[in-house]
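Chemist: prediction below, plus the sequence it came from.
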There are 4 protein chains.
Amino acid sequence: MIVILKKNPDKNQLESLKTWLRDKGLDIHESVGMSQTILGLIGDTTGIDINLLNALDIVEDVKRVQEPYKKCNRKFHPEDTVITVGNTQVGGGNLTLIAGPCAVESEEQICTVAKLVKQSGATMLRGGAFKPRTSPYSFQGLREEGIRLLEIAKEETGLPIVTEIMDASQLPCFKNVDVIQVGARNMQNFELLKALGKTDKPILLKRGLANTYQEFLMSAEYIMAGGNEKVILCERGVRTYETYTRNTLDIALVPSMKILSHLPVIIDPSHAAGRYALVPSISCAAVAAGADGLIIEVHNDPEHALSDGPQSLKPQVFDRLAKKLYAIHEVMKNTEDVL
Amino acid sequence: MIVILKKNPDKNQLESLKTWLRDKGLDIHESVGMSQTILGLIGDTTGIDINLLNALDIVEDVKRVQEPYKKCNRKFHPEDTVITVGNTQVGGGNLTLIAGPCAVESEEQICTVAKLVKQSGATMLRGGAFKPRTSPYSFQGLREEGIRLLEIAKEETGLPIVTEIMDASQLPCFKNVDVIQVGARNMQNFELLKALGKTDKPILLKRGLANTYQEFLMSAEYIMAGGNEKVILCERGVRTYETYTRNTLDIALVPSMKILSHLPVIIDPSHAAGRYALVPSISCAAVAAGADGLIIEVHNDPEHALSDGPQSLKPQVFDRLAKKLYAIHEVMKNTEDVL
Amino acid sequence: MIVILKKNPDKNQLESLKTWLRDKGLDIHESVGMSQTILGLIGDTTGIDINLLNALDIVEDVKRVQEPYKKCNRKFHPEDTVITVGNTQVGGGNLTLIAGPCAVESEEQICTVAKLVKQSGATMLRGGAFKPRTSPYSFQGLREEGIRLLEIAKEETGLPIVTEIMDASQLPCFKNVDVIQVGARNMQNFELLKALGKTDKPILLKRGLANTYQEFLMSAEYIMAGGNEKVILCERGVRTYETYTRNTLDIALVPSMKILSHLPVIIDPSHAAGRYALVPSISCAAVAAGADGLIIEVHNDPEHALSDGPQSLKPQVFDRLAKKLYAIHEVMKNTEDVL
Amino acid sequence: MIVILKKNPDKNQLESLKTWLRDKGLDIHESVGMSQTILGLIGDTTGIDINLLNALDIVEDVKRVQEPYKKCNRKFHPEDTVITVGNTQVGGGNLTLIAGPCAVESEEQICTVAKLVKQSGATMLRGGAFKPRTSPYSFQGLREEGIRLLEIAKEETGLPIVTEIMDASQLPCFKNVDVIQVGARNMQNFELLKALGKTDKPILLKRGLANTYQEFLMSAEYIMAGGNEKVILCERGVRTYETYTRNTLDIALVPSMKILSHLPVIIDPSHAAGRYALVPSISCAAVAAGADGLIIEVHNDPEHALSDGPQSLKPQVFDRLAKKLYAIHEVMKNTEDVL
């Protein structure tokens, strides 16, 4: 951490700052220039509150050199984390395909979709039971009943199940859920993150609509600091001014997270795009970029038109897409590393 | 609501769509053009899921004409909402000044600040007890104890108190709190909003970091739909690419909310700016823009340097600022309306 | 186009509006509802100024149904545009690899890089001669001399050359340039676009830092409306709040442009990422997403350290990357289409 | 400037870096820590290319401590710049009100508006002659003829005139124009900025749609580096995801620019809001925030409906607004300074 002091700092304040920093176990390297004095802080600065330093009268600016996260930091954990879920693994060169409907609607629906996506190569089943909805007047999901239906589909197909939690008080319903999803809007619901840190379930953590890489990793750190190190990072697009797509998928997050962290990274192309016609291209891009997997909305193909979201794929489309994704994954593994 | 159909829509699907819409109580006006057919839906479309329509094979696009919110909509409630808090009122031409430290630290600290800001004209006291922090390693607030100290300061000064809730399970601690604050990161924590809708406390709802006006109002609607209509809207800046300021304060939200809604609107200049030197100008701007009040961070002025945020004002600065704000408020009331 | 009228519009104003619209050759379908009247305008609305309509006292809102662009619109030109440049083609299933240094520095530098990237499979040579720089104190490029050096490299290798123009007055220097690049900051320099519309050179048009898909296509339309239909669209990242990457690459632009337009689309991973370590992954993603090509910064590998940008690849890295890109391109062509 | 080195940097490369830096006239302070070595560069780093340093193999990160702009920097020019235009002054405690129509349409129109706004207290006349339009099919302005009409209005009223330039080749038309406006889309049209730096006209420079404070000041610096120090900064809103307003006005830019620079700052509420009903509140906010003036669209009040923009005020509305603005300006001057 680097502290840039204002011109001619008050001597007493400077001494009390230095004493305080040394008490925190830090070494101080002072560079005195004509117009500026700079303190280089050497040691573990994770616990130092950057805002606190910035608030001091004698400080002009503070710049962090080390990342403020530890447990998810690749520097302290060079090996990729691999997370076992049922008989499948996330990370470590495996391609994880999580597929299923936006919302669980009925036993028939979820079981039909589960069987179809399994046949096409999906490795886990997704489905919304507790649904975060912008409007209080929209369908809020089948809730407990939805999870019960997912459990039936899991029993019938053997696919591990992934579904979203909205509040720590819902945790008892998630006993048989294999991966607990935290939605984008709850990425900084710190009370929820703390509660999940005390469970032993893998957590699929979605990046918030306007959150930085560092904030994303700090939220993973919240879960890990509680003792649960099984975190899967998921990019689902950030909010920009563009309205043709629902969100703007940040593909560079994939290689960036591979540099900064050892956690597996997956992509949600369906929520990012908001249009099914864009989902295949984005999915292919994600695998080529090095993502460990995808979470894709697939709906069943009902007689009656009024049933599903504009971002869901039909099962036969998912089937062709999965073939393409596995083919790209093969090429990526079988060609020489670039860097 | 307007539904734009694709060229040559399937007749059967079109008929089943129309039947479904009529069953929802809507009148349909059909405009058949050379290249496009348009359905105008007349009636209450609040309950229609726009994504559902968009998903239909025969639909090219759907555009909403009516706002999806009702209870907070000025169209259905032309009079300004005025919310009584203790012996003060929010809205209705009053200037509400909420002031206090970022975090409650000690009885002495909170009582000292409370007395000073009251003297300067503050009408409520703020102070963080449950603190949402980006890092799990940062100070998380005094929690229950912090609220107890706020209650002491309230008793000593008579100022109503405002403090943030982070999870519905904390509600029992808020029995003597006058206004419950929902932070920006929880604006779409729908389970929390639902729980607050069942209380009878005024809710100060902060706009999320990247949320639209409509989403903001839909979150207010969540609370109001539960039965609690005492919602105060609070703008605290949105996230942009600019880094000199912590966030970018959206001053146009003030007149926009006055058009769209009847709820009071206040501004948080401290979190928007992130630098105390910008707070006075932004505060003056907010009052001139027609805001019903401000929530400003004011710290006590301690001997020891290491205590407060770079965005907090010293009490004597707040004192001069309050004078200026009341003067601008007078001018705004005593000059002819422009529109 | 749909015009939503305010409640109880003035009859005379409504009649004069309808007359005006009919004079523009449009048919009007009127839907009268309880609370709202809607006009559906049928016909060619490209020339209608949406702001003009919005300004009318009787109008509440106007929504466009048709796109305001014609010449670049796939609806009116279903076949992909293929642009011939020297002995190579852009679009139509070809993979275009444009490579070269950020700035042209010397004959030796540009010729060395040109030969190396050609060997690795590049199909065109890039190099900056006129350099847009944020600071007036930074190196502004070799300008005319830089183009002369590019011409030498072209002669030596046979690679067509791509370089940026900053002002229409520079056009005479571009006589032997094969593709003229318009930088992101000039995407809405309309006087420049008009001038380029009168040339017969292929134009590589970069998307602006904060421009929508529609604005991007409207800028292409400016060039095409002048008579020059050889436009190559290039995404290079948009500005968001994330600072780890220089910009946020919008990968969904690729399939979106393929739906909206018939023009070829290429990706600039170097400027998007701003870090060379991210360039390979993003490049692979772009090809998998269906891009027609890439424009990548490659520097020569000099003795002296102080020479190149943090986003440039070394030639041997580019060599391995090119192999991978051609392999992905093969897979994409040889697997069944998904949609 | 601070250079953070990678762990165990190559000795030879480090020595050659240090020699190079010393040759640039910089002193180097080296802080060697356990895991990191930091170089503090003392001296004038304005000419150092931060990307160049970042590109070095041994460098992990570079952080700028000093601002890269000089001529517009308040540190080197503590007094406010005051710019004389005709018989009025911009900056120095004066309130500048620039008003007029979006586009010049006819002699009658511009002269009528000019007389009305002068009566209401406007100090300059605005009007678009060269119009930047997103669509090539929209009206592009009266161009030279528009400027001729502005000159007539200037003669009739004595108001100095402000109008936009789109390309350096148009400069000869601007001989009698008092203030040359650079639009947001041309803020980084560096060739245009250089050309304007060689004139002696005041330049009203609008901030780009997605440009940082630093980029804004660097563009001012481009003009000033050429010798023309008469630059007026103008905020007109930045692009965010919010669509209710045309852009999001960044009110904090006003006090920020007053800290960073000595140049006058004005606000364009009309383009920021895009809705006339928001213009009065935003204008009042701007004056209360300390802006030196406003540039507001005012249209004449014609019989025929189809003439003006949704963001323009009627003259009688502008008249009431101007009274309010002067009243707020008085309060701001006559109350004690806060900081």
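Modeler: Thanks, I have it. Residues are numbered from 1 along each chain as shown, chains lettered A, B, ... in the order given.
Chemist: which elements pack onto the helix or strand of chain A with the lowest mean pLDDT?
Modeler: Within chain A, judged by mean pLDDT, DSSP states H and E, the helix or strand with the poorest mean is helix A:50-54; its value is a mean of 76. When contacts are defined as 3 or more C-beta pairs under 8 Å, 6 or more residues apart in numbering or on different chains; DSSP states H and E, helix A:50-54 sits against strand A:59-63. C-beta here means a position set from N, CA and C on the backbone, and glycine is covered the same way.
Chemist: do the strand it packs on and chain D meet at all?
Modeler: Yes. Counting by C-beta under 8 Å from any C-beta of the partner chain, chain D is contacted by strand A:59-63 at A:61, A:63.
Chemist: list the helices and strands the helix or strand that that strand is followed by packs on?
Modeler: On the C-terminal side of strand A:59-63, the closest following helix or strand by DSSP states H and E is strand A:83-85. Helices and strands touching strand A:83-85, by 3+ C-beta pairs under 8 Å, 6+ apart, are strand A:88-90.
Chemist: quick check: next helix or strand after the strand it packs on?
Modeler: Beyond strand A:88-90 on the C-terminal side, the first helix or strand identified by DSSP H and E is strand A:96-100.
Chemist: state the mean pLDDT of stretch A:30-42.
Modeler: Throughout stretch A:30-42, pLDDT has a mean value of 76.
Chemist: buried ones in that stretch?
Modeler: A:31, A:36, A:37, A:38, A:39, A:40, A:41, A:42 (16 or more other C-beta atoms under 10 Å in any protein chain shown).
Chemist: swap in stretch A:11-18?
Modeler: In stretch A:11-18, counting by 16+ other C-beta under 10 Å, buried: A:13, A:14, A:16, A:17.
Chemist: try stretch A:106-122
Modeler: A:109-118, A:120-122.
Chemist: which ones among these are found in helices?
Modeler: A:109, A:110, A:111, A:112, A:113, A:114, A:115, A:116, A:117, A:118, A:120 (DSSP state H).
Chemist: domain assignment for chain A?
Modeler: A:2-63, A:74-334 (automatic domain parsing).
Chemist: can you count the residues close to the closest residue to residue A:261 other than its chain neighbours?
Modeler: For residue A:261, ignoring the flanking residues on the chain, the nearest one in space by C-beta to C-beta, 6 or more residues apart in numbering or on different chains is residue A:72 at 4.8 Å. Around residue A:72 there are 26 other residues, counting by other C-beta atoms under 10 Å in any protein chain shown.
Chemist: I'd say residue A:72 and residue A:216 touch.
Modeler: No. Contact criterion C-beta atoms under 8 Å: residue A:72 and residue A:216 do not qualify, at 9.5 Å.
Chemist: from the buried residues of stretch A:106-122, which two are the most distant?
Modeler: Using C-beta to C-beta, the buried residues of stretch A:106-122 span at most 20.4 Å, a distance reached by A:109 and A:121.
Chemist: next one: phi and psi at the closest residue to residue A:188 other than its chain neighbours?
Modeler: Spatial nearest neighbour of residue A:188, chain neighbours left out: residue B:185 (4.1 Å); criterion: C-beta to C-beta, 6+ apart. Dihedral angles of residue B:185 (phi, psi; degrees, to the nearest 10) stand at phi -70, psi -20.
Chemist: residue boundaries of the helices in chain A?
Modeler: Using DSSP H, helices in chain A cover A:11-23, A:50-54, A:107-120, A:144-157, A:190-197, A:213-225, A:253-260, A:269-273, A:279-288, A:315-334.
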